[in-house]
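> Sequence and computational prediction follow.
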Protein chains: 2
Amino acid sequence: MRFPDSFPDELARLMRLRRDTRRFRTDPVPDTVLERCLDCLDTAPSVGLSQPWRLVSVASPGARQSMRDIFRDANATALSGYDGEQARLYAGLKLSGMDRAPVQWAVFCDEATEQGSGLGAQSMPEMRRYSVVCAVMQMWLAARAQGLGMGWVSILDPLRVREALALPGDWRLVAYLCLGWPETEETAPELERLGWEHRRPRPALVLR
Amino acid sequence: MRFPDSFPDELARLMRLRRDTRRFRTDPVPDTVLERCLDCLDTAPSVGLSQPWRLVSVASPGARQSMRDIFRDANATALSGYDGEQARLYAGLKLSGMDRAPVQWAVFCDEATEQGSGLGAQSMPEMRRYSVVCAVMQMWLAARAQGLGMGWVSILDPLRVREALALPGDWRLVAYLCLGWPETEETAPELERLGWEHRRPRPALVLR
């Protein structure tokens, strides 16, 4: 567990500059780059060593259109919840790279896996889904370390996604991911640059 | 976004050797090391830029005893779900470092935060909790890059934890974390070394 002296700084910089990418170039991503992403996903911590992540490559034009339809409907519903200036601002945001991202993966949690025999997931069954989130986060960092961009789309009805992709009923959508080379590198989140929200200073630890 | 050529390899190695630490030395952890962990936690992606993570330092002997009691009860319940050889094996596992870890943090999600104005969390409200998991994962890697160990305890009743720590009703426990210097460095997960479960090869992507 020895790393170069500069490694903790570089890691912190990677995290600080990570970004959620929504504007992609369309050039293909080499398999070697994606393989490294998947290798890092697969070394994530998982409750009881259950490795409950299941990855679906959404590749055909028909499947991609279905996903965009599901996004469009969820986004319209979300927009209808805002008024006035906030609605105008929301309508102008680009909240998904599903139009252009060359690689699109839906990541599910297998809620029924027997791997791990339930260890650690009895009082907190959500730990399986949290393990999948850990895996996604590891992959995100591995992607960015190679210059690849990733965006996590959550404006989706998870049940419709599962049904449209004809996946088992015990699989639960955790993340819909767009991957590809980013059009530009940005140092601040787009939601901040466009005035939707700003990052707040880290609050003090609550002491007990 | 340029990193040293060796950086992606070092990052992959960090992830591969991360481990869930349950056996800690009791020497104190310098504030500078913990500050770097918290800085990395705070640059995690969050839905709508909502930064919904809330950290509670469980520090007093009384608060720590309460947490150990809650673990003991949840662990007894979990054990009662296993039979025979599996029960014997489970009973012999050390599943928490709460007895000795010098730093213990409970990490909550503020389900009622107005930061982000609900963007991205309407069709998948679980995205707030997933954002907290992303933050925990970033902190875990930042800790390990500095040689610090971390263990995530999930054998707890989340409601009892929140009540014992007298926290707001909208806060939901996502993770109870033990931090400190590890007694030993291990290359394989303890659950694998002790025969509870073994890591499986990464399955092929499902194609749609």
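Structure received.

> Find the nearest non-adjacent residue to the spatially most central residue of chain A, please.
Chain A has residue A:152 as the residue nearest its centroid, 3.2 Å off, counting by CA atoms, centre = their mean. Using CB to CB, 6 or more residues apart in numbering or on different chains and skipping the chain neighbours, the partner closest in space to residue A:152 is residue A:175 (5.4 Å). Any C-beta I mention is one placed from the backbone N, CA and C, and that applies to glycine too.

> from memory residue A:187 sits against residue A:17, does it?
Yes. Look at residue A:187 against residue A:17 with CB atoms under 8 Å: they come within range, at 6.4 Å.

> so what pLDDT did the nearest residue to residue A:124 once chain neighbours are set aside get?
Nearest residue to residue A:124, sequence neighbours excluded (CB to CB, 6+ apart): residue B:154, at 4.6 Å. Residue B:154 carries a pLDDT value of 98.

> Residue A:145 now?
Looking at residue A:145, its pLDDT is 98.

> what number of residues lie near it?
Per other CB atoms under 10 Å in any protein chain shown, the neighbour tally for residue A:145 reads 23.

> cool, residue A:189 as well?
18.

> Phi first, then psi, for it.
phi -60, psi 140 (degrees, to the nearest 10).

> Name the nearest residue to it, ignoring sequence neighbours.
residue B:49 (5.8 Å).

> can you count the residues close to that neighbour?
22.

> Neighbours of residue A:32, how many?
Burial measure for residue A:32: 9 neighbouring residues, criterion other CB under 10 Å.

> Then residue A:42?
21.

> So the closest residue to it other than its chain neighbours: helix, strand or coil?
Once flanking residues are discounted, residue A:42 sits nearest to residue B:202: 4.5 Å by CB to CB, 6+ apart. Here residue B:202 takes the coil state, with states given by DSSP: H, G, I helix; E, B strand; the rest coil.

> Do I have it right that residue B:202 meets residue A:35?
No. With contact defined as CB under 8 Å, residue B:202 does not reach residue A:35; the gap is 9.6 Å.

> who's more crowded, those two?
residue B:202 (15 against 11).

> residues contacting the more buried one?
A:38-39, A:42 (CB atoms under 8 Å, 6 or more residues apart in numbering or on different chains).

> quick one, helices of chain A?
Assigned helices in chain A, in chain order: A:7-16, A:31-42, A:61-79, A:84-92, A:127-145, A:158-164, A:190-193 (criterion: DSSP state H).

> ok now the first one, how far from the chain's centre?
Relative to the centre of its chain, helix A:7-16 is centred 20 Å away, using CA atoms, centre = their mean, to the nearest Å.

> do the fifth one as well
Remark: helix A:127-145 is offset 8 Å from the chain centroid, using CA atoms, centre = their mean.

> how much does that helix deviate in direction from helix B:7-16?
Following axes from the mean of the first three to the mean of the last three CA atoms, to 10 degrees, one obtains 160 degrees for the angle between helix A:127-145 and helix B:7-16.

> Dump the C-alpha coordinates for helix A:127-145 into PDB.
What follows is helix A:127-145, C-alpha atoms only, in PDB (Å, rounded to 0.1, in the frame of the first residue of the first chain):
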ATOM      1  CA  MET A 127     -26.600  -2.000   1.300                       C
ATOM      2  CA  ARG A 128     -26.800  -4.000  -1.900                       C
ATOM      3  CA  ARG A 129     -27.800  -0.900  -3.900                       C
ATOM      4  CA  TYR A 130     -25.200   1.100  -2.000                       C
ATOM      5  CA  SER A 131     -22.600  -1.400  -3.100                       C
ATOM      6  CA  VAL A 132     -23.600  -0.800  -6.700                       C
ATOM      7  CA  VAL A 133     -23.200   2.900  -6.200                       C
ATOM      8  CA  CYS A 134     -19.700   2.300  -4.800                       C
ATOM      9  CA  ALA A 135     -18.900   0.400  -8.000                       C
ATOM     10  CA  VAL A 136     -20.300   3.200 -10.200                       C
ATOM     11  CA  MET A 137     -18.200   5.800  -8.300                       C
ATOM     12  CA  GLN A 138     -15.100   3.700  -8.800                       C
ATOM     13  CA  MET A 139     -15.800   3.500 -12.500                       C
ATOM     14  CA  TRP A 140     -16.400   7.200 -12.700                       C
ATOM     15  CA  LEU A 141     -13.000   8.000 -11.200                       C
ATOM     16  CA  ALA A 142     -11.300   5.400 -13.400                       C
ATOM     17  CA  ALA A 143     -12.900   6.900 -16.500                       C
ATOM     18  CA  ARG A 144     -11.900  10.500 -15.600                       C
ATOM     19  CA  ALA A 145      -8.300   9.400 -14.800                       C
END
